[in-house]
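S.K.: A structural model of the following input is requested.
(one chain, ligands or ions: 1)
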Amino acid sequence: MGTAFNATTDGALRSWVDVPDGSDFPIQNMPLGIIARACESPRVGVAIGDSVLDLAVVAEAGLLDDALPGARAILTCGTLNAFLARGRAAWSAVRARLSMLLAAGNEELRGVPGLTERALYPRTQARMHLPFEVGDYVDFYSSIEHATNLGRLFRPGAEPLMPNYRHIPIGYHGRSSTIVVSGTPIVRPNGQRRPDPQQPPLFGPSGALDIELEVGFVTGPGNALGMPILSSSAREHIYGMVLVNDWSARDIQAWEYQPLGPFLGKSFATSISPWVVSLDALEPFRVEGPRQEPEPLPYLRTSGAWNYAISLRVELQSAQMARSGHAPLTLSQPSFQGMYWNMAQQLAHATANGAVVRPGDLFASGTVSEAKPNFGSLIELTWRGTHPIVLPDGTQRVFLEDGDTVRLLGHAGGDGVPRIGFGEVSGRIVEARV
Ligand code: CA
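M.R.: Numbers count the residues shown, from 1 in each chain. Below you'll find the model as predicted:
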């Protein structure tokens, strides 16, 4: 499975829509999201430069029917799920058609009177909705650096990696109902914790609110009950990727997690970026993953490059920093490319028992960490509070305070090749409710 030439990723391709230098959304990207303007109903849109193209309007003009039979119904939906259900052939056909319609020299959209006036408008005017209705949500633990760091922090003196780590992609089922789109305020969770092991547990606002920098993939058609998705057919089932901030309350988590694992310390909120970047757009950035030793069992073996060279960034800005004019502070800049377990292995593993995957299921990578200081969580960055982060205004952080805004960004390419960006996923912490 080599990197096939694909006209839609050709670096020479240009759009007739203005794309500023350094934009996350050149014509080679074309991520899909759910947009709405003013009192419009939410519908499918594509980001191009600083603009969005309303695909419901384009479909109603009949310009997408050949690529996607039933385009009007599918693209006027307020979620991507119906589109995701159509599968890879449809995904690639729509991408090829959009690439053609947006390419410099193509006049089809502009040839329909009034169409571009209605369909193409500044991205700042688009209200972004959750891009797909999340069915099931799985969160993995695929960064061996992250798993090693947490092992060192929580089990000092012991072997940091559990004996199963190099044999199975570790994960758990999360809560889909609290997956929210970027920009949604994050209410500090209340919960039970036991800060002093000599005293009874307490109930109240978490004092250890953390982030987890992750990348998630969203699935397409899915499988029948009892029929695993083989790693060799994972590409038929994975449409694309989003940035994920898996907010975590470490104090609630620490008290509740044994023996059944993450629960209320995780389920209060998970934020995702609004634009779904397709695997097709990321095709030029596939890279080999790290060598897996021991070799995984046959059902977990993959052929071809299944890791992706995506540069990530975590930024934090407190309310006081914003008031005093301090720009957000970059905390960390890990790459996604070194993840130990890849997406094909994760999907094969999650369905190895015959469990069903449906269109719009979300599978998150787990916290992305590399070597120090490029860690994807505050608990690692502050080494469990022993090395507080000093903000530009002189205040310190171990965990998040009310009013803090965290922004995760990601992109592949740039520096002479088309930049395939994810935009951002951000969230501001607001005080706990009584
Ligand atoms: Ca996580």
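
S.K.: quick one: the helix or strand hosting residue 251 near the ion?
M.R.: For residue 251, the host element (DSSP states H and E) is helix 250-256. No. Judged by Cβ under 5 Å from the ion, helix 250-256 stays clear of the ion, getting no closer than 10.2 Å. All C-beta atoms are positioned from the backbone trio N, CA, C, and that covers glycine.

S.K.: So which elements touch that helix?
M.R.: Identification of packing neighbours for helix 250-256 by 3 or more Cβ pairs under 8 Å, 6 or more residues apart in numbering; DSSP states H and E yields strand 190-193.

S.K.: Which strands or helices does the strand it packs on pack on?
M.R.: Contacts defined by 3+ Cβ pairs under 8 Å, 6+ apart place strand 190-193 against strand 202-205, helix 250-256.

S.K.: Report the contact partners of the closest residue to the ion within the stretch 1-150 of the chain.
M.R.: Nearest residue of the stretch 1-150 of the chain to the ion: residue 139, at 4.4 Å (Cβ to the ion). Taking Cβ atoms under 8 Å, 6 or more residues apart in numbering, we find residue 139 in contact with 171, 172, 174, 214, 246, 262, 266, 363, 364, 366.

S.K.: Correct me if wrong, but it is in a strand.
M.R.: Yes. The assignment for residue 139 is a strand, going by DSSP: H, G, I helix; E, B strand; the rest coil.

S.K.: what sits opposite it in the beta ladder?
M.R.: The partner list for residue 139 in beta bridges (DSSP bridges) reads residue 172, residue 364.

S.K.: Identify the residues contacting the residue of the stretch 201-350 of the chain found nearest the ion.
M.R.: Minimum separation of the stretch 201-350 of the chain from the ion (Cβ to the ion) falls at residue 246, amounting to 3.6 Å. Each residue near residue 246 by Cβ under 8 Å, 6+ apart is listed here: 139, 174, 211, 212, 214, 266, 270, 364, 367.

S.K.: what do you get if the cut-off is 10 Å, keeping everything else the same?
M.R.: 137, 139, 174, 179, 210-214, 216, 262, 266, 269-272, 364-367, 376-377 (Cβ atoms under 10 Å, 6 or more residues apart in numbering).

S.K.: so what pLDDT did it get?
M.R.: Per-residue confidence (pLDDT) for residue 246: 98.

S.K.: Dump the helices and strands packed on strand 190-193 to TSV, plus distance to residue 189, mean pLDDT and mean neighbour count.
M.R.: As requested, the helices and strands packed on strand 190-193 are exported to TSV (distance: least, Cβ to Cβ, whole Å; pLDDT from 0 to 100; neighbours: other Cβ atoms under 10 Å):
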stretch	distance to residue 189	mean pLDDT	mean neighbour count
strand 202-205	7	98	13
helix 250-256	7	96	21
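
S.K.: Including distance to residue 299, could those go into CSV?
M.R.: What follows is those, written out as CSV (distance: least, Cβ to Cβ, whole Å):
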stretch, distance to residue 299
strand 202-205, 43
helix 250-256, 31
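
S.K.: quick one on the thing from earlier: quick one, grab the pLDDT at the residue of the stretch 1-150 of the chain closest to the ion.
M.R.: pLDDT, residue 139: 98.

S.K.: Distance from the chain centre to the longest helix seen in the chain, please.
M.R.: In the chain, taking DSSP state H as the definition, the longest helix is helix 88-102. From the chain centre to the centre of helix 88-102 is a distance of 22 Å (Cα atoms, centre = their mean, to the nearest Å).

S.K.: Give the next helix or strand downstream of that helix.
M.R.: The helix or strand immediately downstream of helix 88-102 is helix 115-119, counting by DSSP H and E.

S.K.: show me where the protein has helices.
M.R.: According to DSSP H, the chain carries its helices in the segments 55-60, 71-75, 81-85, 88-102, 115-119, 144-154, 250-256, 279-282, 319-323, 343-350, 378-381.
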